[in-house]
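1. I need the structure of the sequence given here:
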Amino acid sequence: MRHHARITVLALTVFAVLGCSAGNSRTQDTADGGIILSISNFNGLPTTISASASAAEGSVRIGSIAIQSIIKNPGQGSSQLMTVEMDSYEVTYSRDDFGTRVPPRLKNFIFGSVTAGGTFTLTNGPIMRFDQFEQQPLEDMIELGYDSETTSEVIRLKVGIQFFGRTIAGDIVQTEPAFFSLEVVP
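-> Have a look, this model is predicted:
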């Protein structure tokens, strides 16, 4: 009888040790309610740009934009697993006038991290590059001085920006898109 008790205790111990160490140690803990990313502040957003001058410079940039990490359930506390590793942002364009042609989206890879409840600030990030200026309708503004689709000398764009990251625990997080208006002249 004692022999069976020893075997049972040994089996339970092995089971407990193997059960606790199985799986990825990075995801064993949970992120206590999760994180929301929010664009909380910006500085230096352009309102009007010259397509020719901006193309010559190679890009249009924003001064700074801050992304805040908000704890979904602050009463549950936080952990290091809620730290967000930022990986990219995407800029999209839609027309805010009668035109239909838009520059291609811009995806920019970044790195940095933001702790739970903290803030990540991107400075001097591009929102337009050569790819956008080498496509319609901005190419028309540079070459012709107007948009050949609308014959207008001003293109009104609605510019959207959205940030992406992943918590240390492995949860994908992103901001809601934020929008601003941009006028493009020759």
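2. contacts, neighbours, all on C-alpha from now
-> Fine.
3. Leaving out the residues flanking it, which one is nearest to the most centrally placed residue in the chain?
-> Residue closest to the average C-alpha location in the chain (Cα atoms, centre = their mean): residue 163, at 1.2 Å. Once flanking residues are discounted, residue 163 sits nearest to residue 89: 4.2 Å by Cα to Cα, 6 or more residues apart in numbering.
4. need the contact list for that neighbour.
-> By Cα atoms under 8 Å, 6 or more residues apart in numbering, the contact list for residue 89 reads 107-110, 161-164.
5. run the last query once more with 10 Å
-> 106-110, 125, 127, 161-165, 174-175, 177 (Cα atoms under 10 Å, 6 or more residues apart in numbering).
6. For PyMOL, write the select line for the buried members of these.
-> A single PyMOL command selects the buried members of the contacts of residue 89 (16 or more other Cα atoms under 10 Å):
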select buried, resi 106+107+110+125+127+161+162+163+164+165+174+175+177
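7. which one among the contacts of residue 89 gets closest to residue 50?
-> residue 127 (14.1 Å; Cα to Cα).
8. quick one: low-confidence ranges for this structure?
-> The model of the chain has pLDDT under 70 over residues 1-33.
9. all helices in it, in order from the N-terminus.
-> Along the chain, counting by DSSP state H, helices occupy 2-21, 51-57, 130-133, 138-143.
10. partners of residue 185 in the sheet?
-> Beta bridges link residue 185 to residue 50, judged by DSSP bridges.
11. ok, it - contacts?
-> Contact partners of residue 185, counting by Cα under 10 Å, 6+ apart, are 48-53, 138, 141-142, 145-147, 152-156.
12. Against residue 115, how distant is it?
-> Going from residue 185 to residue 115 by Cα to Cα, to the nearest Å gives 40 Å.
13. Quick check: the nearest residue to residue 106 once chain neighbours are set aside vs residue 71, distance?
-> Excluding the flanking residues, the one nearest residue 106 by Cα to Cα, 6+ apart is residue 91, at 5.0 Å. The gap separating residue 91 from residue 71 is 25 Å, by Cα to Cα.
14. and if you look at residue 137?
-> Residue 137 is 41 Å from residue 71, by Cα to Cα.
15. Many thanks, have a good one.
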